[in-house]
Structure formats: C-alpha cells, structure tokens
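[1] Predicted model, plus sequence, below.
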Amino acid sequence: MGFQQENCKKETKNCTTGDTDIIIVGAGVAGSALAYTLGKDGWRVHVIERDLSEPDRIVGEFLHPVGYLKLIELGLEDCVNEIDAQRVFGYVFYKDGKSIKVPYPLKFQSDVSGITLNNGRFVQRMREKAKSLPNVRLEQGTVTSLLEEKGTVKGVIYKTKFAKENTAYAPLTIVCDGCFSNLRRYFCNLKVDIPSCSVGFVLERCELPIPNYGHIIFADPSSMAFYSISSTKIRCLVDVPGQKLPDVSNGQMTHFLRTVAAPQVPPELHAAFIAAIDKGNIRTMPNRIMPAAANPTPGALLMGDAFNSRHSIIAGGMAVALSDIVLLRDLLRPLHNLNDASSVCRYLESFYLLRKPVASTINTIAGALYKVYGASPDPIRKEIQQLCFDYLSLGSMFSSGPVTLFSGPSPPWMIVLCSFAVGIYGVGRLLLPFPSPKRVWIAARMILLGLSIVIPIIKAEGVRQMFFPVTVPAYYRAPPVNEDP
C-alpha cells in the first residue's frame, strides 16, 4: 500500500499527452529489468515484447559479481531465488591438460558472488515482477518501426499477437530488443562483426570438476566453457571460429564435437559430453561484436545487446546491461516529465559517456581474450596464449587483477596496468638471465602483436571517453528544467 501511494505521488508529476511516459521495446533481461526499475520510480511504462512465453536461450546465463551487485541495487535480487540458480566463486582455466583455479577477488558481503542460472526462468521472474506494478503494462507484439516526426521519435508501430497493426505513443522510446534488433538502423549503421559462433547443449548427470566455478578450456581451435545452470544441468558452450558452421542436421556438427572438441574436455566431463551430443539437442548462436556508437536520437534510446555487444567468452552481457539500467534510472530521476524531447536527448548524451567505466572495461577484456585465444596458426600468438596462462598460474594479485576486470567494478586504467604487468612478465622471462637475438626478436613481436590486439579495441570504444571522460562536454550535462504542468 505504501509503495502505491509513492507511485501515485510521482505520477502526478509525470503528466504527458497520453497514458504512457516510456515505451520499452523488448522484455528480455534488459527490457524486463528496465521496466521494473522505471515503473518502481513512478514512470508509466508500456512494454512491447515479441514473445512473452518463457525464453529458451543458450546465452544470458552467467552473471558476474558486478552484475549481481547491480541486480541488488535495482531491487531484483529475489528474481534469482526459486529458479535453482547456482552461486559461482570464480573460474578454472584449462590449457594443454593443466588447470588453474582463480577465485573472484570478492570484497563484498558474504552473500555476493557470481550467479549462473536458466535464462528463461530468470527473465520470466523479472517480467512477473515488472507486471506486478500498476503503472507497467506488458503486451505481446512485434514492433515493426519507430514513429518519427521532424527527426523526433514519437512512438512505435507494432503488430499485436493477433496480427492487428497498432500505434503507441510516448515521449521516450527505449529499444532493447536484443542482438538481432531490426530497429538498430534508426540509430546507427555500424557493421556487426561475427568472428565465431557458440554451439551450446546441456550435460546431465554429472558434476563440474570444481563445483561452483566456471570452467574455461583454452582448446584448439578455440575455447569451450562449462558452468552449472541448475543443480542437475551443466551448460557447455563450444566456440567455433568463422560464420560457416558444420551442419547440425546432417551430423557434421556431431562429428566435429566428437573428434575435435571431445578429446580436449576434462576427463570428469567427457562421458556426459559425449552423451549430450549424442542426444542431439544442439543449439547455435552467433557471437556478435558491436561497439557502442549509437547517435543520440530525440525521443529514443538504444540499450542492451541491440546497442552494444561483445564476444561471449567472458559472459559479460548481463553485467553491462544491468549497469546501464542503474545509470539510466539515476539520470531520469531528477526529471518531472519527458515532454521536451530535444532537451532530454541532449541530457542523455551523458549516458553514453558515463557507462564507459563498466561497459568498456568488459568489452575490451572480452575482445582481447578472444583475440588471444581465438583460432590462429601464428606461433607468436601461441606464445602469448602460453604467456597469459602462465601469468595467471602465478596466483595471488597476478591472477586476481585480470579476473577483477570483468568480475567487479574496475576502472579502464586497470586494463593498461594488467597489460603492462603481463608484458613485463613475458619480456622478462624471455630475456633473463641471458638474452639472445632470437629471444629479443620474439619479445618484440609479442609486444607488437599484443598492441595490435588491444589498441583497435580501445580505439573502437573511444580512447578519450574511456580514459579522459572529464574532457568530454557531455560529462557535465545537467538535467533539463521542466516544470510540473
């Protein structure tokens, strides 16, 4: 009762021409969490989702501690209860038969950890929580286009589940309809890079070698990941380089998994791995990489994987999305209404900048890790692969530093610090105690290759925005002054 009274008080301030303040396109992880968050703050929200049945996906199942902290901040932590979600305390990395256990460097309260879960159950819990608010409306429908008038988005055109075409109006439309978004074209024309595909299936009746840890195998030609999605099921994701996959329907994929991937699987999981691929429920998902570079659009905002996506090797997507939602919520709180689209758009330019500390750090480490451990015949790249693995093997701060980059809030300069530390370690072990011309040449090539991997990723994220945000005018945007009607 108390919450509804607070809601009503806010609604009296949000008087717009219509019954909706914000339209949200998509009700996946980002959309459903955003709907609840904005609805709780009193905004009148209309969510349009293509399919409101429980999703069945092979991604969006791993939530790092930084993501779980954001979930708590949004008041959605109970959505991981009663869905058999599993706690995660770190990673186990495998390479050439050797393994390293790297715990998360957790400095939070004892109940904070990483979480692995069933994506569909998690999304449904958040949808139910959003729908429980009186000022949030969830509707099944497919948005076909945005309504534009003189360069300002006024709403959306969508088809209901009965194929009836409708229009919906609101001062602000937030598009978060996933990596396959058909509305991204209204915001940007970036080329999406697809370096590989994830092949996913579920292992049953087995346990991970080290319970409550994510397991990553740096295999040949690319990586594999294993993590629990319930108390009885383990997700396996095999990264297959390129866009042309072995055919699942004619048995080529099964043959690939049996002959190439299976021999590199830890012995404890091998029998369950073979049984799972023989069972045949094999799914695929392209790994889409797209830097965040949407153009500010009056009346609209792009979020989630529709806006910014990275390789799934470190499973950072949910952490980035939830962090963005916390930021957007805080930016919208000072506003009484959203009627002045141009002023709101100018103000929300700061969103694209202020998200950089979390998003760019995760994007950069995901891109760099995939570039290092992706398929390549280059012997120098293999030297770097071994170097990174050996560096993690040192333990203590040497392993906790890199893992902190995607498990906890880390400023972008930590990327430079970790890269510098790995570089010094690599060059030092090559040149000490007695350098030779060959070793000097290898060290120089390793440094050049490392720079060629990291610099383009940072450049795509924006050097100035990542490391010197206070020099960007948008950093100082103040909320527009809009008076109550």
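    In hand now; what should we look at? Residues are numbered from 1 along each chain as shown.

[2] How is the protein divided into domains?
    Recorded structural domains for the chain (assignment: automatic domain parsing) are 2-83+118-191+291-354, 193-288, 360-467.

[3] among the ones you listed, which is nearest Y91?
    Y91 sits nearest to domain 193-288 of all the domains of the chain, at 4.9 Å, using CB to CB. Quick note: C-beta positions are derived from backbone N, CA and C, even for glycine.

[4] Give the rounded mean pLDDT of that closest one.
    Domain 193-288 shows a mean pLDDT of 94.

[5] Show the end-to-end separation of that domain, please.
    Terminal residues of domain 193-288 are spaced 6 Å apart (CA to CA, to the nearest Å).

[6] same deal with stretch 289-307?
    Using CA to CA, the end-to-end distance of stretch 289-307 comes out at 10 Å.

[7] residues of that stretch that come out buried?
    Across stretch 289-307, burial judged by 16 or more other CB atoms under 10 Å covers 289-292, 294, 296-307.

[8] And the lowest mean pLDDT element among the helices and strands of the protein?
    Ranked by mean pLDDT, DSSP states H and E, the weakest helix or strand in the chain is helix 2-11, scoring a mean of 36.

[9] Deepest in the core, which of the domains of the chain is it.
    Ranked by mean neighbour count under mean count of other CB atoms under 10 Å, these are led by domain 2-83+118-191+291-354, which reaches a mean of 20.

[10] what ranges do the helices span in the stretch 301-450 of the chain?
    317-332, 341-354, 356-373, 379-393, 396-407, 413-431, 437-461 (DSSP state H, counting those that start in this stretch).

[11] From the contact counts, what lies against the shortest one?
    For helix 396-407, the elements it packs on are helix 65-73, strand 98-103, helix 356-373, helix 379-393, helix 413-431, judged by 3 or more CB pairs under 8 Å, 6 or more residues apart in numbering; DSSP states H and E.

[12] Note down every partner strand of the second one and its orientation.
    I take that to be strand 98-103. Strand partners for strand 98-103, identified by DSSP bridges, are recorded as strand 90-95 (antiparallel).

[13] C-terminal to the least confident helix or strand of the chain, which secondary structure element comes first?
    Counting by DSSP states H and E, the next helix or strand C-terminal to helix 2-11 is strand 22-25.

[14] Can you name the secondary structure element that comes next after that next one?
    Next helix or strand after strand 22-25 toward the C-terminus (DSSP H and E): helix 29-40.

[15] Let's see that next one as PDB, backbone CA atoms only.
    The C-alpha coordinates for helix 29-40 follow below in PDB (Å, rounded to 0.1, in the frame of the first residue of the first chain):
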ATOM      1  CA  VAL A  29      17.000  -9.400 -19.400                       C
ATOM      2  CA  ALA A  30      17.500  -5.700 -20.200                       C
ATOM      3  CA  GLY A  31      13.900  -4.800 -21.100                       C
ATOM      4  CA  SER A  32      12.200  -6.600 -18.200                       C
ATOM      5  CA  ALA A  33      14.700  -5.200 -15.600                       C
ATOM      6  CA  LEU A  34      14.300  -1.700 -17.100                       C
ATOM      7  CA  ALA A  35      10.500  -1.900 -17.000                       C
ATOM      8  CA  TYR A  36      10.500  -2.800 -13.300                       C
ATOM      9  CA  THR A  37      13.100  -0.200 -12.400                       C
ATOM     10  CA  LEU A  38      11.400   2.700 -14.200                       C
ATOM     11  CA  GLY A  39       8.000   1.500 -13.100                       C
ATOM     12  CA  LYS A  40       9.100   1.500  -9.500                       C
END
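
[16] Backbone torsions only: list them for T297.
    Per-residue torsions, T297: phi -130, psi 120 (degrees, to the nearest 10).

[17] And the residue lying closest to it once chain neighbours are set aside, how close does it get to R125?
    Using CB to CB, 6 or more residues apart in numbering and skipping the chain neighbours, the partner closest in space to T297 is F187 (5.7 Å). The spacing between F187 and R125, counted by CB to CB, to the nearest Å, is 29 Å.

[18] Who does V175 form a beta bridge with?
    V175 has the following beta-bridge partners by DSSP bridges: V25, L302.

[19] Make sure it is actually in contact with M303.
    Yes. Assessed by CB atoms under 8 Å, V175 is found in contact with M303 at 7.0 Å.

[20] Now do the same for F434: its pLDDT.
    Note on F434: pLDDT of 85.

[21] oh, I was asking about T17
    pLDDT recorded at T17 is 51.

[22] mind checking how far A443 is from L449?
    Counting by CB to CB, the gap from A443 to L449 is 11 Å.

[23] contact partners of stretch 376-392?
    The contact list for stretch 376-392 (CB atoms under 8 Å, 6 or more residues apart in numbering) reads 93, 95, 98, 100, 102, 218, 372-373, 398-399, 402, 421-422, 425-426, 442, 445-446, 449-450.
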